[in-house]
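A.B. asks: Provided below for reference: sequence and predicted model.
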Amino acid sequence: MSAPILPARNAPILQVRELLMRFGGLTAVNRVSFDAMAGDITAVIGPNGAGKTTVFNLITGFYKPSGGEIVLNGPGGPKPLHATVGHRIAQAGVARTFQNIRLFPGMTVLENLLVAQHNTLQAATFFGIGAAFGLGRYRQAEREAVALARRWLEATRLLDRADDPAGALPYGAQRRLEIARAMCTNPVLLCLDEPAAGLNPRESEELAELIQLIRAQGCSILLIEHDMGVVMRISDRVVVLDHGVKIADGTPAEVRADERVIAAYLGEGDEDDVPAAPVEGAA
């Protein structure tokens, strides 16, 4: 499977413009704008209640924004993600992991990675006909899918667990498997939601190395993370939200010294959860 054609380094892979999200009378995201540059690791941080998860849900198609634009500059030119929902986000070149791991625990580690490639395999089977008759195109696609899965099993040090049930893996290994599964969709933008949550210091260091490996192979990364050690060590740019508003946007050093950021983290916020679905009629 060929690697996707990416925009030039120092050009935006993702452009968020005046992003607005209202749930009834609650404004969870209020006119937020930022760029994520191609080939960079961009972190979105903020205290609890800042709106980080809502921004991720908007970018990855779980919510449709009340206003504003989200544009992905991927293969084939700019795509308006604010007008795209559901599985079409993945087709546009965006992959996501979740704070709560969402593997198929009864499937093997390898099967979890092959499931991620079902669109490619289905297209090669002519909706099942090719698989039933063993057509050459399907056999080639199957070999390529297994090769891609093997590549990411090696990268995440899970090759020796390929035939084990995913649910039998230790917690840290399940985190790495979820990232490997996302990478098997060949994304141009990988969105990681709290990837270091629940990891011990050694696992967090291994995670940071994996994220940097993914970036080195040409995939841009957007992440939400509370582990400031990870954020400040690996991020090229940091966007800081507080109560749905962007209060800072810069390099890790610039953000660390920003008085507004210091004040936001010293204060107390509410949980970052928002209603599960937009209220009907929200403008």
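C.D. replies: Noted; the coordinates are in hand.
A.B. asks: counting contacts, what elements does the helix or strand Leu241 falls within pack onto?
C.D. replies: Per DSSP states H and E, Leu241 falls inside strand 237-242. Contact partners of strand 237-242 among helices and strands, from 3 or more C-beta pairs under 8 Å, 6 or more residues apart in numbering; DSSP states H and E: strand 26-37, strand 41-45, strand 245-250, helix 252-256, helix 259-266. For the C-beta atoms, the positions are set from N, CA and C on the backbone; glycine is no exception.
A.B. asks: Out of those, which one sits most buried?
C.D. replies: strand 41-45 (a mean of 26; mean count of other C-beta atoms under 10 Å).
A.B. asks: Check the average confidence over whatever helix or strand comes next after that one, would you?
C.D. replies: Downstream of strand 41-45, the first helix or strand assigned by DSSP H and E is helix 52-59. For helix 52-59, mean pLDDT rounds to 94.
A.B. asks: I'd like the C-alpha coordinates of helix 52-59 written as CSV, please.
C.D. replies: Extracted C-alpha coordinates of helix 52-59, given in CSV (Å, rounded to 0.1, in the frame of the first residue of the first chain):
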residue,chain,number,x,y,z
LYS,A,52,-10.4,19.9,24.2
THR,A,53,-12.5,16.7,23.7
THR,A,54,-15.2,18.7,21.9
VAL,A,55,-12.7,20.1,19.5
PHE,A,56,-11.5,16.5,18.8
ASN,A,57,-15.0,15.3,18.3
LEU,A,58,-15.6,18.1,15.8
ILE,A,59,-12.4,17.4,13.8
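A.B. asks: Go through the helix or strand following it and flag the buried ones.
C.D. replies: Scanning forward in sequence from helix 52-59 by DSSP H and E, the next helix or strand is strand 67-74. For strand 67-74, the neighbour count (16 or more other C-beta atoms under 10 Å) marks 68, 70-74 as buried.
A.B. asks: Quick one: distance of stretch 232-250 to the chain centre.
C.D. replies: From the chain centre to the centre of stretch 232-250 is a distance of 16 Å (C-alpha atoms, centre = their mean, to the nearest Å).
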